[in-house]
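Student: Quick one, structure for this:
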Amino acid sequence: MRRTALAALCLAAAATAGLTGCLPGQNMADDKPKGPFAGLTGGEIADRAMKATTDATSLRMQGDVPDDESDGTIRIDMALNKKGECAGTLSMAGQGKADLIKSGDTVYMKYDEAFLRAQGKDDPKADTDAVVTMLAGKWTKMSAKGKDAKDIAGFCDLDTVLADVRNVNSDATRDRTTTVNGTSAIVLQEKEGKDRYTLYVATEGKPYLLKVTSTSKKDPGTVAFTDYDKPVPAAAPKGDVLDLDKLGG
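Tutor: Numbers count the residues shown, from 1 in each chain. Modelled structure (predicted):
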């Protein structure tokens, strides 16, 4: 079950990186550019947004990304930084949730009963019941350097998650202006064949990426980006914590 949960988190990271990877489209500027980013093409704005986003020391990702393994949707809400710290939750489309914190060299996770039962649906009921009794609602910990946690440790590193969105040389086209959670934004459109991707870039302050929406049949979903350069609440859980490394012998 631990490996399944870790794989789901890594999949969410990969899908998110794919959505922000600015696919090829038609590169053109408005006939009469005005307002924020006047005179810049959509691609140039997207490139500036990618640079600002990847230069950030921390951010929070919230949204829905596809899970190829279950053919369902993963909902992710995670704050992470370039120190390799993270804190947030992961849920599987009505199949419960898992909380995650990485602090220092330790990965902490807490699963609810619904999540554990969904992960153990193919196991004997007695085995699943035993796991639920032992783990549900309780914080667990593993060494971030162990084989079961090394992938999630990579996911918690912002540089690793955003590695594929640097220097993308986007061909996005400009669209309207709007607001995202009260922040003024310019809308950019990307396309590849029949797939469509919409990017929302802040027009005030640094040109951070605020949201990406994909209507791609392969990678549909929406991911929002907030809390740029804010501290990640990655303090270790208080109280009793079950050491899975010791439990596994």
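Student: Of all the helices and strands in this structure, which has the lowest average confidence?
Tutor: Every helix and strand in the chain was compared by mean pLDDT, DSSP states H and E; the lowest is helix 2-19, with a mean of 39.
Student: Point out the other helices and strands that the helix or strand just after it packs with.
Tutor: From helix 2-19 onward toward the C-terminus, using DSSP states H and E, the following helix or strand is helix 42-55. Helix 42-55 is packed against strand 173-180, strand 183-192, strand 195-202, strand 209-214, with contacts defined by 3 or more CB pairs under 8 Å, 6 or more residues apart in numbering; DSSP states H and E. For glycine as for every other residue, the C-beta is placed from the backbone atoms N, C-alpha and C.
Student: so who does Gly96 touch?
Tutor: Applying CB atoms under 8 Å, 6 or more residues apart in numbering to Gly96 gives the contacts 111-118.
Student: ok, now with 7 Å
Tutor: Going by CB atoms under 7 Å, 6 or more residues apart in numbering, Gly96 touches 112-115, 118.
Student: Just the buried subset of these, please.
Tutor: Burial by neighbour count, judged by 16 or more other CB atoms under 10 Å, picks out 112, 114-115, 118 from those.
Student: circling back to that earlier point, among the contacts of Gly96, which one sits closest to Ala93?
Tutor: Distance from Ala93 was checked for each of the contacts of Gly96 by CB to CB. The minimum falls on Ala118, at 9.5 Å.
Student: My guess is the closest one contacts Met92. True?
Tutor: Yes. Using CB atoms under 7 Å, Ala118 is in contact with Met92, at 6.3 Å.
Student: pLDDT wise, what is Gly72 at?
Tutor: The predicted local confidence for Gly72 comes out at a pLDDT of 71.
Student: re earlier: tabulate the helices and strands packed on helix 42-55 in TSV, adding columns for mean pLDDT and mean neighbour count.
Tutor: As requested, the helices and strands packed on helix 42-55 are exported to TSV (pLDDT from 0 to 100; neighbours: other CB atoms under 10 Å):
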stretch	mean pLDDT	mean neighbour count
strand 173-180	92	15
strand 183-192	89	20
strand 195-202	89	21
strand 209-214	91	23
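Student: would you turn those strands into CSV with distance to Leu242?
Tutor: Rendered in CSV, the data for the helices and strands packed on helix 42-55 read as follows (distance: least, CB to CB, whole Å):
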stretch, distance to Leu242
strand 173-180, 40
strand 183-192, 41
strand 195-202, 41
strand 209-214, 37
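Student: Out of those, flag the one nearest Thr73.
Tutor: When those are compared by CB to CB, strand 209-214 sits nearest Thr73, at 12.3 Å.
Student: so what secondary structure elements neighbour the closest one?
Tutor: Helices and strands touching strand 209-214, by 3 or more CB pairs under 7 Å, 6 or more residues apart in numbering; DSSP states H and E, are strand 195-202, strand 221-226.
Student: Kind regards, and thank you for your time.
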